[in-house]
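# Below are the sequence and a predicted model for it; my questions follow.
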Amino acid sequence: MRQIRSDPARTTGTNLSTRMVTAWRQGKAKVNHLLGNSPPESHTAHEPTRYFPHEIVEMIIAHLTHDLGTLKTCSLTCRSWYTATVPHLHHTLTLGEGRPAFSHNKLRPLSRLHDLGLIPLVKEIRVDQAFDTVYWFLPRTFGRRDLRHFSAFANVHTLKLQNMQIYHFIPGIERYFGQFSPTLRSMTLYDPCCTPRQLSHFFSLFPNLDDVEIWGVCVHLHTPGTAIRDTELVAFSVPKLRGRLALYNSSWVETWTHLIASCGGIWFRRVDIHGSTYCAVFLLEALSKTLEILRFSADNHSASKDIYIGSYYADSS
Amino acid sequence: MSGLNVLRSLEVAGWVACLGDPHPSAVVEVFSTITSPVFSEVVVVLEGRGVWLPREVELFKILRTMSKIRPFKLVFLLEDPSSHPGELMRILDSENTSGFLDFLDSPPTIRTA
């Protein structure tokens, strides 16, 4: 069965491969001429039907983005399929998941990606650290080389950080996350550990940040050992904050008051409020001119008083 | 609370706890503050677990109360991919349920996520 190949001239993008194909075709034409064979009409050099347009390959591959096994298989088919699959294969980098127990080993994928030149392909970074284990995503975990590699991510648009100890990174959080400033659009935090002001300080590092999702009750930590007071924290920039805000049992008002005070406002168009939310009234006030879609969620098993806000909240508390 | 000036849609998930409560809920309070001229729909998000509509009298009572504040289109959003819109349609069309929804200007809409 004749294999359908992708158009090499479009997929490889190199003059070398194009010249090789042309030379091969010319050689084949000479042999056919010497043997007296007239080449079949369908075998002209620019015949389009023998090749799968790269756009079609990309459309096919796009349907497989959630199937890593199939993507890996596709990447082994040929060079053009590899080219189409590799951005999806390395779209998301997960640090900490199933890695050896030592903290520095959890950053080992950074070196591997750097050595293979794959860092520019990473669009999303996830940090997995379970609540009941020793936290490892800390400044002291980053060796000089780890930090250099971590700083090389220039195309990341999504961060998902689990149990991040933000207060450990302050002051100087821009040293670790500043490289994401131009590109970061979306951030999800699961049980972040910091003060409310430190959280808003962290958000202000990303001027293009549109979507924010916070899960869990943020633990208010007093951090007497830190070299800078909360009141001394200055916003790095004014984040856009024009997309979606989702709060899941996260009730800090001060984060948003501080963000509004230091950055001039928040402009979310969609808000999802799940569970007990002290800050619902404040947020709805602040977003009265921009909010287009509002979703209230409550667990069917939770007491309904948990979602009361405003005048009713005082009664239920 | 100041009015929500540009709100288009109010969605309620976990609706038994949110809307099907006999006391005034946050949803109703927020609904009463909507001043947006483009507001059009209240979306009740059904997250699996089957459709209990005929039994949830309180839900319809609250919706009726809300319709007195301002009219709206009622939308049921099925988020569970395994749920059947046809089953919900049949329940909504049944006499037991349709009587509860006679305050609506137009029949409820069913959407799937």
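That came in fine, so what should we check first?

# low-scoring stretches of chain A, by residue?
When residues are selected by pLDDT under 70, those of chain A lie in A:1-28, A:30-32, A:34-50, A:97-104, A:132, A:217-229, A:231, A:251, A:276-278, A:298-317.

# Domain-wise, how is it divided?
Following the assignment in automatic domain parsing, chain A carries domains at A:1-89, A:157-316.

# quick one: contacts for residue A:121?
Residues counted as contacts of residue A:121 (Cβ atoms under 8 Å, 6 or more residues apart in numbering or on different chains) are A:86, A:87, A:90, A:91, A:155. For the C-beta atoms, the positions are set from N, CA and C on the backbone; glycine is no exception.

# quick one: what helix or strand has the last one in it?
When secondary structure is defined by DSSP states H and E, residue A:155 falls outside every helix and strand.

# from memory it sits against residue A:118, does it?
No - between residue A:155 and residue A:118 there is no contact under Cβ atoms under 8 Å: 11.2 Å.

# So which of these two has more stuff around it?
The neighbour count for residue A:155 versus residue A:118, taken as other Cβ atoms under 10 Å in any protein chain shown, is higher for residue A:118 (16 against 13).

# What is the neighbour count of the spatially closest residue to residue A:196 that is not a sequence neighbour?
The spatially closest residue to residue A:196, leaving aside those adjacent along the chain, is residue A:254, at 3.7 Å (Cβ to Cβ, 6 or more residues apart in numbering or on different chains). Residue A:254 sits with 16 neighbouring residues when counted by other Cβ under 10 Å.

# now the end-to-end length of stretch A:271-280.
End-to-end distance of stretch A:271-280 (Cα to Cα, to the nearest Å): 10 Å.

# for stretch A:160-179, same thing?
The distance separating the two terminal residues of stretch A:160-179, taken as Cα to Cα, comes to 16 Å.

# And it, how far out from the chain middle?
Taking the mean of its C-alpha atoms, stretch A:160-179 sits 16 Å from the chain's own mean (Cα atoms, centre = their mean, to the nearest Å).

# ditto for stretch A:199-214
From the chain centre to the centre of stretch A:199-214 is a distance of 13 Å (Cα atoms, centre = their mean).

# And chain B, is it touching that?
No - taking Cβ under 8 Å from any Cβ of the partner chain as the criterion, stretch A:199-214 and chain B are apart, separated by no less than 15.3 Å.

# In that stretch, which residues are buried?
A:199-206, A:208-214 (16 or more other Cβ atoms under 10 Å in any protein chain shown).

# what do you get for stretch A:184-201?
Buried residues in stretch A:184-201, counted by 16+ other Cβ under 10 Å: A:184-201.

# Stretch A:77-97 too?
Of the residues in stretch A:77-97, A:78, A:80-81, A:83-90, A:92-93, A:95-96 count as buried by neighbour count, 16+ other Cβ under 10 Å.

# Could you pull up the contacting residues of the residue in the stretch 1-150 of chain A positioned nearest to chain B?
Distances between the stretch 1-150 of chain A and chain B by Cβ to the nearest Cβ are smallest at residue A:66, namely 14.5 Å. With contacts defined as Cβ under 8 Å, 6+ apart, residue A:66 is in contact with no residue.

# Quick one: distance of whichever strand or helix holds residue A:262 to the chain centre.
Using DSSP H and E, residue A:262 maps to helix A:254-263. The chain centroid and the centroid of helix A:254-263 are separated by 24 Å, computed with Cα atoms, centre = their mean.

# Which strands or helices does it pack on?
Helices and strands in packing contact with helix A:254-263 are listed as helix A:196-203, helix A:280-286; criterion 3 or more Cβ pairs under 8 Å, 6 or more residues apart in numbering or on different chains; DSSP states H and E.
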